[in-house]
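Enquirer: got a predicted model here, sequence first, then my questions.
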Amino acid sequence: MSATQNWDALEWTHVRRGVERKVILTAATTLQLVRFQPGHDINPHTHDFEQVAYILSGTLDYFVANEKGEMVAHRMVAGSTLAIPAGARHYGQNVGSEPVLDLDIYPVRRPELLPRTK
């Protein structure tokens, strides 16, 4: 079954200082729109599936561990994409003076990203 959703109809959810997100789930895919404010807290992490990042606006350095475990910065601007391999330690850091909008695409359903109900 197909369904239309609109990012503008979704509320931003606080993730950590300076980071908010909106999430859309399909049967087998997760779309996550992330807003990184300048000076946000970083969160190096890994997960067991690939992540594709697409920058809509702003400038973000995406740090991804190479085969030796060294963190390598990838400068990303509007229109840039980056495939992050499953299991690779990574994080994004806003290096500009404006907010960054980053659309992350995961090939799995991630309901844990949805806002918690009160």
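Expert: Arrived safely. Quantities reported herein were computed from a predicted structural model and do not represent experimental measurements.
Enquirer: Tyr106 versus the residue lying closest to Val77 once chain neighbours are set aside, what's the distance?
Expert: Computed as Cβ to Cβ, 6 or more residues apart in numbering, the closest residue to Val77 that is not its neighbour in sequence is Thr59, at 5.3 Å. The way it works is simple: take the backbone N, C-alpha and C, and place the C-beta from them, glycine included. Distance of Thr59 to Tyr106, computed by Cβ to Cβ, to the nearest Å: 23 Å.
Enquirer: in the sheet, who's paired with His90?
Expert: According to DSSP bridges, the partner residues bridging His90 are His45, Val64.
Enquirer: just give me the neighbour total for it.
Expert: 22 (other Cβ atoms under 10 Å).
Enquirer: that one and His47 touch, don't they?
Expert: No: in this structure, His90 is not within contact of His47 by Cβ atoms under 8 Å, at 9.1 Å.
Enquirer: check contacts around Ala88.
Expert: Listed by Cβ atoms under 8 Å, 6 or more residues apart in numbering, the contact partners of Ala88 are 46, 64-65.
Enquirer: neighbour-wise, which one of those leads?
Expert: For the contacts of Ala88, the largest number of neighbours (other Cβ under 10 Å) sits with Val64, at 20 neighbours.
Enquirer: what sits against that residue?
Expert: 71-72, 74, 82, 84-85, 88-90.
Enquirer: show me the residues you listed that map onto helices.
Expert: Within those, no residue falls in helices by DSSP state H.
Enquirer: so what's the residue most central in space within the chain closest to, chain neighbours aside?
Expert: Nearest to the mean C-alpha position of the chain, counting by Cα atoms, centre = their mean, stands Asp104 at 4.3 Å. Leaving aside its sequence neighbours, Asp104 sits nearest to Gln32 (Cβ to Cβ, 6+ apart; 4.3 Å).
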